[in-house]
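Asker: mind looking at a prediction? Sequence and model below.
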Amino acid sequence: MPEPSVRTLRDGELVEASRVVNYGMLGSVADEVGQAWTEYMDPARAFGAFTPEGQLVGLARHFATDLAVPGGEVPAAGVTAVAVLSTHRRQGHLSRMMRAQLDAIAAEDIPVAVLVAAEWGIYGRYGYGPAVDACGFHIDTRSARFRSPATGTIELVLPAALRPELEAAHESRRARTPGAIRRDSFVWDRQAGMAVWPGQTEDLGLRRGALWRDAAGTVLGAVAYKVDDAWDRNRPAGKAEVSLLVGATPEAERELWRHVCEIDWVRSVTAGNRAVDDPLPLFLQDGRAATAVDHFDCIWARILDVPQTFSHHRAPTAGQVVVEVSDPLGYAAGRWQIEIAPDGADASPTSRAADVTLPVGTLGAAFLGGTPVRRLFDAGWLDEETPGGADRLGDLLATRTAPWSPTTY
């Protein structure tokens, strides 16, 4: 008797796969939306769940990228578009897809997978842990006065000119931002306002872009935003919504914030995905003019290969710790001696006694420095086997700034 199955998709199944996802994520199931998906969905990295009768009822896809870690970067899989039709939930389809996907990622010699979790309770079952938090900001421009005088120059640009500079600024930001990933070309077309995402309707003429140049004339930052004209009792009440603001330096980002806050007729600025330690409020004379909102668990991480994941880590001071990792799926299970220093890192199997025992999801939550090990320990997410073991692991993984992913996926 036929059984439910999982396999990679064929080209002719991509449109139907898009419908499965959009049913689950409340998006458009129009033919043209599905056709647009086929432009960037790789069927070899798209896993479909099928009923015994051959109906496609679930999808889980991923793409290859590079993930910034403290001190460097490692290959990563960006997991996205995961859904099961509501008519076929609780039948094991998701578990089968996630296992097949993780097997494929491991077979590609990719050491870590990252994703944006729509709901907290889903991905911990498959070894993921909450690794990168984010928040939004709401700025009242009427009281947003900057502490320092303006520097450099701002140039307004159209989407075609914004696109390469936005990508370059993101890459500069990624070099100093654990948690950020490299993005493909089609993403930048949409981030810059040259196109919209499948299923979305938007007046691209309301998109805006600006670059910041330093005193030497070098572009070091870019912002993409859209505007909304509004009036209240014959007074301007316009809004600006920042979709991406990135700079090679904090100064560049400060000046881009200044630009969007000083646009005529704009009374409020919003940004939906920023680092939780973004210095924006501290740029202002009144930090309460920029209110952090909607602090959320943005990126979850699943470690598959412990030695490769930590191979490019760096730490301000040298240290080592032995961790015993439990992984019911087997990828990262074992006892590992992790050594990280300013000039190199190593993680290797060991027979030494463990300082800390923890599930693989806890290690995924901690490895970018976004979730402090002490917090995880206090919450009962790991066990300390030698006195001070948790703090030694925490010192090894601590970062100077919070990790952040400027774009989601």
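Answerer: On my side now, so go ahead. Residues are numbered from 1 along each chain as shown.
Asker: for the stretch 251-400 of the chain, what spans make up the strands?
Answerer: Along the stretch 251-400 of the chain, counting by DSSP state E, counting those that start in this stretch, strands occupy 266-274, 290-303, 319-326, 334-341, 344-349, 356-359, 383-384.
Asker: quick one, which of those gets closest to residue 129.
Answerer: Residue 129 lies closest, by Cβ to Cβ, to one member of these: strand 290-303, at 6.2 Å. All C-beta spots, glycine's among them, are computed from the backbone N, C-alpha and C.
Asker: what pairs with the closest one, and is each one parallel or antiparallel?
Answerer: strand 112-116 (antiparallel), strand 129-140 (antiparallel) (DSSP bridges).
Asker: just the C-alpha atoms of that strand, please, in CSV.
Answerer: What follows is strand 290-303 as a C-alpha-only set of coordinates in CSV (Å, rounded to 0.1, in the frame of the first residue of the first chain):
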residue,chain,number,x,y,z
ALA,A,290,12.6,56.5,18.9
THR,A,291,10.6,53.8,20.6
ALA,A,292,11.6,50.1,20.2
VAL,A,293,8.6,48.0,19.5
ASP,A,294,7.8,44.3,18.9
HIS,A,295,10.9,42.6,20.2
PHE,A,296,10.8,39.2,18.7
ASP,A,297,12.7,36.0,18.0
CYS,A,298,13.7,36.6,14.4
ILE,A,299,16.2,33.9,13.3
TRP,A,300,16.5,30.3,14.5
ALA,A,301,19.6,28.2,13.9
ARG,A,302,20.2,24.5,13.6
ILE,A,303,23.8,23.3,13.9
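Asker: quick one, domains of this structure?
Answerer: 5-110, 144-285, 306-359+369-397 (automatic domain parsing).
Asker: from what I can see residue 152 touches residue 255, true?
Answerer: Yes - in this structure residue 152 lies within contact range of residue 255 using Cβ atoms under 8 Å: 5.7 Å.
Asker: who has more neighbours, the two?
Answerer: With neighbours defined as other Cβ atoms under 10 Å, residue 152 and residue 255 compare such that residue 255 has more, 26 against 21.
Asker: where do the helices sit along the stretch 1-150 of the chain?
Answerer: Using DSSP state H, counting those that start in this stretch, the helices of the stretch 1-150 of the chain run over residues 14-24, 31-37, 93-107.
Asker: so which elements touch the shortest one?
Answerer: The one in question is helix 31-37. If you count contacts as 3 or more Cβ pairs under 8 Å, 6 or more residues apart in numbering; DSSP states H and E, helix 31-37 packs onto helix 14-24.
Asker: circling back to that earlier point, and of the strands of the stretch 251-400 of the chain, who's closest to residue 16?
Answerer: Taking Cβ to Cβ, strand 290-303 is the member of these nearest to residue 16, at 27.2 Å.
Asker: I appreciate the help and will end here.
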